[in-house]
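Participant: got a sequence here, can you build the structure:
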Amino acid sequence: MAPTLKVETLSQDAAKVAIEACEAKARSMGIPMNIAVTDSATHLLAFSRMDGAKITSISIAIDKAFTASGHRIGTHLYKEAVWPGGPAFGIGNSNGNRFTTIGGGLPVLGRNKEILGAIGCSTGTPAQDQEVAQAGIDALQKLLQSTRAKL
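Facilitator: Numbers count the residues shown, from 1 in each chain. Below you'll find the predicted structure:
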């Protein structure tokens, strides 16, 4: 039994790669976004508020990344579970009201499905936010694969 754990997490450089990919996708869609990247412990690594992104969406993007990182699944997956009577009803009141079930937060998973961090996007519809976050995930997966190939 090991008395300590080694936890992999996204680096600042990786967070910048994710932000750039998300910004490019948001521009191609014509929707300015707030984009947050967290590490594996839910802490904010990087944030971008594109010109024209909604000010009220700043904390939403950060909380989407927080939720996806902390619970290790996309925020959109809670949709049915949070309705009154659902198994996760009231979960939005947890974690200082930071837990969000609005789509647009996606976890970044490592090769063994361990959580490395997350991306949260907000300003568009939940589906648009998720599409932009997915662009960041795709860029990070490419980066991770290229790095593994060099090892």
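Participant: can you show me the strands along the chain?
Facilitator: Counting by DSSP state E, the chain has these strands, from start to end: 34-39, 44-49, 105-109, 115-122.
Participant: for Ile60, see how far away the residue nearest to the spatial centre of the chain is.
Facilitator: The C-alpha lying nearest the average C-alpha coordinate of the chain belongs to Ile119 (CA atoms, centre = their mean; 2.0 Å). Distance, Ile119 to Ile60, using CB to CB, to the nearest Å: 13 Å. (Glycine included, C-beta is placed from N, CA and C.)
Participant: quick one, what contacts the residue nearest to the centre of the chain?
Facilitator: 18, 22, 35-37, 65, 68, 105-106, 108, 133, 136-137 (CB atoms under 8 Å, 6 or more residues apart in numbering).
Participant: distance to Ala88, neighbour count and pLDDT added to those, as TSV?
Facilitator: Shown next, in TSV, are the contacts of Ile119 (distance: CB to CB, whole Å; neighbours: other CB atoms under 10 Å; pLDDT from 0 to 100):
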residue	distance to Ala88	neighbour count	pLDDT
Ala18	27	29	98
Cys22	27	30	98
Ile35	26	35	98
Ala36	22	34	98
Val37	25	31	98
Ala65	19	36	98
Ala68	15	29	95
Gly105	15	36	97
Leu106	18	26	98
Val108	22	28	97
Ala133	21	36	98
Gly136	25	28	98
Ile137	23	20	98
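Participant: which one of those is nearest to Pro3?
Facilitator: If you rank these by distance to Pro3 using CB to CB, Val108 comes first, at 27.4 Å.
Participant: follow-up on the earlier one: tabulate the strands of the chain (CSV), appending distance to Ser11.
Facilitator: Formatted as CSV, these follow (distance: least, CB to CB, whole Å):
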stretch, distance to Ser11
strand 34-39, 9
strand 44-49, 8
strand 105-109, 11
strand 115-122, 9
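Participant: in the longest helix along the chain, which residues are buried?
Facilitator: Using DSSP state H to define each element, the chain has its longest helix at helix 126-150. Across helix 126-150, burial judged by 16 or more other CB atoms under 10 Å covers 126, 128-137, 139-140, 143-144.
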